[in-house]
Each structure stands twice: as structure tokens, then as C-alpha cells.
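Engineer: Here is my input; please provide its structure:
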Amino acid sequence: MKNYLLFIYVSAISIFPGFAQTITSQKGLTTVTFNVPEGKITIYLPDDIRSGDIISGTVSAEPGGKNAKQVQKKGDKLTRYFIDFNGQKIPVATAKKTVQYQIITTSASQLPLVLVNEMGNTAAVIDIPCTKNTQSISPAGADCKIPTHALTAAPLPIKGSFDGNSSNTNCTIGNQPATVLAESPRQSIIQFPENSMGNQNLQIREKGGQPCTQAVSGVQMELSTGKLNLVKGEKTYLKVRITGLQNLPDTARLDLFNVTPFVVTMQPADQMVITLVPDSMGTGIFERSFDIVSIKTGSFTVNVNLDLPEGKTPVFADVRKPAGGKRNEKVLTAGTRTALEIAMKKWADANTEGKNPIDFECSNCIQCIKSYTTESNAGDVGELGWGIITSFLSGGVKLAGGLLEKVKDIADKGGDIYKAIKDLIADGKIQVIGFAEKWCANNGNCQVTGIIVYDVATGCAEAEYRCRGNKLCCPFAETIYKMKYCFDKDGAVIAETISITITH
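Structural biologist: Now for the predicted structure:
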């Protein structure tokens with residue numbers, strides 16, 4: 001997701017007087033910016049840091065100043081700062097060089113990133129999300145997935161198995177080297193060049209590994225406006241023009257959000273979601289203007305986000321079955337991700353026909369859930385998770401032979417629900433994956449949890465997720481997603497069996 005700000009203004013809570021800091025997450029990249037008297041220090045890290053990871057990032061420094069002498073002076077002072085993260089101090093003087101970290105094995109959900117001045121004092125602090133590592137290690141370079149479309153002058157995440165050391169990752173676009181901004185064991189994030197428009201051949205390779213290649217179409221988004229400073233009652237416009245959208249593999253999504261509704265109104269609404277369906281993108285161009293009306297003298301800010309599809313939604317969750325013909329955790333979680341992507345595409349397609357309001361889905365919740373389905377832990381559910389289990393029992397989950405009816409009876413009598421479910425799992429009748437509560441700071445401060453119940457006899461699963469949060473997360477206090485889907489004999493999700501209901 002590329003984030004544009006009209007009227008470049010960032011408001012941030014300053015923990016230390018005079019030092020403002022911001023943290024954003026988009027396109028696989030967590031960007032931390034420290035604004036200090038000498039200029040700006042920016043740190044790029046992967047957005048999926050987990051306990052025990054080896055990761056790489058980069059640091060950049062931009063001195064302030066009105067002339068060359070001031071820039072030189074402030075630049076010298078800027079390089080005396082240090083970045084202290086995960087017990088490792090990195091001098092800002094190494095700006096634009098790769099920084100590597102061995103993330104400590106920890107149960108903490110956040111790791112402090114500290115800016116230290118030349119006196120050795122803390123200048124500012126920001127917490128970086130860090131989740132539990134449940135990933136099995138795959139060979140470096142395996143399962144590489146390069147999107148078919150990429151925003152120019154923006155980070156591009158390439159999913160796959162990497163070693164986290166970006167110094168041995170080589171990437172070229174149209175035979176020109178591309179900068180690797182950050183890397184984790186699950187993705188490498190490159191900077192897609194501003195001038196890489198049209199179809200370009202992208203190749204990425206880790207040292208000693210096989211190259212991964214894909215033709216990528218550069219997508220350019222341009223914003224323009226009549227004026228940014230308005231007097232009360234004055235009108236202007238916001239124009240969005242996007243090129244390079246031809247041959248989209250799936251639906252793209254354009255979000256517009258008026259950050260300053262107390263200064264202006266944006267018409268037809270202050271918050272809009274526009275789906276860009278492949279069939280309507282024959283020329284590859286989207287262009288639209290939005291009216292802006294001032295209700296108070298001042299400047300305004302509008303966020304414009306374009307979310308391009310990562311690729312054609314895969315139908316297969318996993319073509320292999322573990323010994324004994326039982327689905328394993330990998331199949332169930334991968335199947336849930338696949339089913340969720342297909343289900344939400346169906347929901348979005350129905351929206352184009354006026355059937356489903358797309359704002360009903362709460363995109364922040366969906367993104368948080370998608371990131372969560374890689375971090376499963378069987379039976380590891382908290383208070384919110386057990387509420388979902390209770391909902392399953394009372395909602396009459398259609399498992400073969402009414403398997404959960406026995407569990408419901410035990411629950412009604414005040415018995416041990418966990419043991420009852422565990423017994424069904426031990427007997428090979430069901431498989432259950434519970435998701436403990438997760439707080440997604442990068443997706444509107446949402447809190448999500450969920451559960452998957454798989455019926456071995458029927459080969460079908462039911463999943464339920466709940467998302468809670470304030471209005472930054474979703475307009476609704478709680479959103480519930482219930483899904484049903486089945487697997488074929490090879491462990492593939494059967495698209496025709498997928499259904500989803502969304503309630504609040």
C-alpha cells in the first residue's frame with residue numbers, strides 16, 4: 001500500500017520534548033522516522049519481525065538547513081546519533097548501509113527502538129511489534145512470489161523463504177540493480193524505481209540459490225489539487241490518476257480518507273473505498289476527481305492509498321497431505337488464508353453489483369486476520385478465544401455426527417471444555433487451531449482472535465474470527481467473520497464450497 005499525503009503534514013505524539021517520531025507500515029515495510037533539530041533519521045525494517053529472526057534493515061539520514069553550510073553542519077551532528085535496537089547500537093554515520101539484527105528469543109510483543117544522542121542520552125523511543133515465531137524453516141529462495149504489478153517509487157514486498165541477510169540478496173529490474181530496503185526470513189522488500197514504468201523483468205536471487213523471475217508492470221499514481229490552503233467556503237478538487245493497471249490479476253483497491261474533516265469536506269464522502277476490477281481496466285488507466293469544500297480557513301490533508309493485488313489468488317492450500325491422510329496445521333492455516341482471500345474477493349465483486357457494502361468488511365480487520373493466519377498455535381486461546389469456542393458450540397457447528405454437541409453438553413454442565421475438545425482431537429475426529437489475541441498496531445489498533453475446526457470425516461472446516469477495536473480499527477466495536485470451506489483429497493481448497501458471513 002502506497003500512502004500519499006496531500007499537504008505534507010504529520011502529527012505525532014512526542015514523548016521527549018522537541019523530538020517527534022512516527023511509525024508506519026505499508027507494503028511489507030515498517031518505517032520509523034525521528035524528527036530531530038538537526039534533521040530527520042529514518043529506519044526501515046520488515047513489518048513481520050518475529051522472535052529469533054535474523055533480519056536486515058536500512059538507516060537513512062537527511063540533514064536540515066537553509067543553505068549548504070547549515071546542511072553540512074547539521075549533517076555532521078546528525079551522524080553522531082545512534083540507533084539502539086535489540087541490544088545492538090548502530091551509528092547513524094552508517095546511513096544507507098545495510099543493518100543486520102539477530103532478534104533475541106523473547107515473549108515480548110514489542111521491542112523498543114531507541115534513538116540515542118551524542119551524549120549517550122535517550123532522545124526518542126518507538127516500540128516495534130514482534131510476534132511469536134512458529135515458522136518452520138524452508139530453504140532460502142523457495143516459494144518466491146513476485147507480484148505482477150508494482151507501484152513506482154514505492155516499496156515492493158517479495159514473499160518467500162529468505163535468510164534475513166539482505167547483503168547476499170541480489171535484485172535487478174530491467175537489468176538495473178534495485179535496492180533491498182529490508183529482509184526477514186519470510187520476505188525481501190525492495191524499492192521499486194520511479195522510472196520503472198511499463199513491463200519490466202524483475203529477478204531476485206539469494207547467494208547460492210535459484211533465481212526467481214517475474215514480468216512486473218510499473219503502476220504510477222499521480223495526485224493533483226487546485227490549492228491546499230483554503231478560506232472558509234472556498235472550493236477546490238483532488239484529482240487521482242493511475243496508469244499501468246492493464247492485465248491486473250485480481251481486484252485492486254483505492255482508499256481515500258480525509259484526515260482533516262474539521263477543515264474541509266470531501267465529496268461524495270470523507271472516506272471512500274473504490275474497487276478497481278480487472279475487467280474495467282482495459283486501457284490500464286483510472287482517473288477521477290473529487291470535490292473539496294472548506295468549512296474552515298486552513299490547510300487540509302487527504303490520505304490516498306492504492307492496494308494492488310499480490311497475484312492471482314491460489315486455489316491450492318497445500319498439495320501434500322501428512323502421513324495418515326490427516327490435514328496438518330500448515331494445510332489448515334494456508335487453507336484459511338486462501339479461503340479468506342477468495343471469500344473477500346467474492347464480497348468485493350458483489351459490492352460492484354450493489355449487494356455488499358464494502359465498508360461493512362472493515363479492511364483493517366481483514367489485514368490483521370490475514371497476517372495472523374501464519375501465527376497459529378493449537379489450543380493457545382485466551383479469554384476472547386474461548387468466547388469464540390462458546391459461540392461455536394451455541395451456534396450449532398455442522399460437524400459430522402454432531403461431534404461438538406457432546407462438547408456443548410459438557411460445557412452446559414460446567415465441565416472441562418478444553419479436555420473434551422482435546423479428546424476429540426486425540427481420537428482423530430477433529431482438528432482445532434486456536435489463535436490467541438493479537439493486537440495489530442499497524443492496522444488501526446485492531447485486536448483479533450479466531451479458531452478453525454476441521455472435521456476429518458467430511459474434509460470440511462469452519463473458521464470464526466472476531467475483531468475488536470476503536471474507530472481507527474473499524475467503525476464497529478466488534479466484527480465477526482464466519483467462514484465455511486472444504487478440502488479435496490489432495491489438500492486443496494474447493495473454491496465453490498467457500499462462504500462467509502460478516503456481522504457486527
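
Engineer: what does the domain assignment say about this protein?
Structural biologist: 2-129, 149-219, 226-307, 323-503 (automatic domain parsing).

Engineer: In the stretch 301-450 of the chain, where is pLDDT below threshold?
Structural biologist: The stretch 301-450 of the chain contains residues with pLDDT under 70 at 311-334, 348-361, 372-419, 421-422, 425-426, 434-438, 441-444.

Engineer: returning to that earlier point: averaging pLDDT over each of the domains of the chain, which comes out lowest?
Structural biologist: Of all those, the minimum mean pLDDT falls on domain 323-503 (a mean of 68).

Engineer: List the contacts of whichever strand or helix holds residue 238.
Structural biologist: Secondary structure from DSSP states H and E places residue 238 in strand 235-243. With contact meaning Cβ atoms under 8 Å, 6 or more residues apart in numbering, strand 235-243 is reached by 6, 197, 219-227, 230, 254, 256, 266, 276, 284-294, 302, 304, 306. All C-beta spots, glycine's among them, are computed from the backbone N, C-alpha and C.

Engineer: Of those, which count as buried by neighbour count?
Structural biologist: 6, 219-221, 225, 230, 254, 256, 266, 276, 286, 290, 292, 294, 302, 304, 306 (16 or more other Cβ atoms under 10 Å).

Engineer: Determine which stretch of the domains of the chain is the most buried.
Structural biologist: domain 149-219 (a mean of 20; mean count of other Cβ atoms under 10 Å).

Engineer: what about that domain, distance to the chain center?
Structural biologist: Chain-centre distance of domain 149-219: 18 Å, with Cα atoms, centre = their mean, to the nearest Å.

Engineer: was I right about residue 282 contacting residue 247?
Structural biologist: No. Taking Cβ atoms under 8 Å as the definition, residue 282 is not a contact partner of residue 247, at 9.7 Å.

Engineer: Which parts of the stretch 101-250 of the chain are helices?
Structural biologist: Using DSSP state H, counting those that start in this stretch, the stretch 101-250 of the chain contains no helices.

Engineer: all strands for it, in order.
Structural biologist: 110-116, 122-129, 149-151, 154-159, 169-173, 176-177, 180-184, 187-192, 198-206, 212-225, 229-230, 235-243 (DSSP state E, counting those that start in this stretch).

Engineer: Nearest to residue 56, out of those strands?
Structural biologist: Counting by Cβ to Cβ, residue 56 lies closest to strand 180-184 out of the strands of the stretch 101-250 of the chain; the figure is 4.4 Å.

Engineer: Residues touching that closest one, excluding its own?
Structural biologist: Residues contacting strand 180-184 (Cβ under 8 Å, 6+ apart): 28-30, 44-46, 48-50, 53, 55-58, 98, 155, 162, 164-166, 169, 171, 188-191.

Engineer: CA-only coordinates of that strand in CSV, if you can.
Structural biologist: Below are the C-alpha coordinates for strand 180-184, written out as CSV (Å, rounded to 0.1, in the frame of the first residue of the first chain):
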residue,chain,number,x,y,z
VAL,A,180,16.9,-4.0,-1.0
LEU,A,181,15.4,-2.0,1.9
ALA,A,182,14.8,-4.7,4.4
GLU,A,183,14.5,-8.5,4.7
SER,A,184,13.1,-11.1,7.1
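
Engineer: Phi first, then psi, for residue 278.
Structural biologist: Backbone geometry at residue 278, expressed as degrees, to the nearest 10, gives phi -50, psi -40.

Engineer: Give me the nearest residue to it, chain neighbours excluded.
Structural biologist: residue 248 (4.2 Å; Cβ to Cβ, 6 or more residues apart in numbering).

Engineer: How much space separates that neighbour from residue 201?
Structural biologist: Counting by Cβ to Cβ, to the nearest Å, the gap from residue 248 to residue 201 is 19 Å.

Engineer: Ok, residue 159 next?
Structural biologist: Counting by Cβ to Cβ, the gap from residue 159 to residue 201 is 19 Å.

Engineer: What of residue 433?
Structural biologist: 39 Å.

Engineer: beta partners for residue 288?
Structural biologist: residue 240 (DSSP bridges).

Engineer: tell me the contacts of it?
Structural biologist: By Cβ under 8 Å, 6+ apart, the neighbours of residue 288 are 239, 240, 274.

Engineer: how close does the closest residue to the last one other than its chain neighbours get to residue 363?
Structural biologist: What it means is residue 274. Leaving aside its chain neighbours, residue 274 sits nearest to residue 254 (4.3 Å; criterion: Cβ to Cβ, 6+ apart). Per Cβ to Cβ, residue 254 is found 12 Å from residue 363.

Engineer: for residue 36, same thing?
Structural biologist: 34 Å.

Engineer: now residue 335
Structural biologist: Distance from residue 335 to residue 363, by Cβ to Cβ: 22 Å.

Engineer: ok, now which ones touch the closest residue to residue 71 other than its chain neighbours?
Structural biologist: Nearest non-adjacent residue to residue 71, counting by Cβ to Cβ, 6+ apart: residue 65, 3.7 Å away. Residues near residue 65 by Cβ under 8 Å, 6+ apart: 39, 71, 72, 73, 74, 75.

Engineer: Now do the same contact list for the closest residue to residue 205 other than its chain neighbours.
Structural biologist: Closest residue to residue 205 apart from its sequence neighbours, by Cβ to Cβ, 6+ apart: residue 211 at 4.2 Å. By Cβ under 8 Å, 6+ apart, the contact list for residue 211 reads 203, 204, 205.

Engineer: Could you work out the end-to-end span of stretch 163-175 for me?
Structural biologist: Separation of the first and last residues of stretch 163-175 by Cα to Cα, to the nearest Å is 24 Å.
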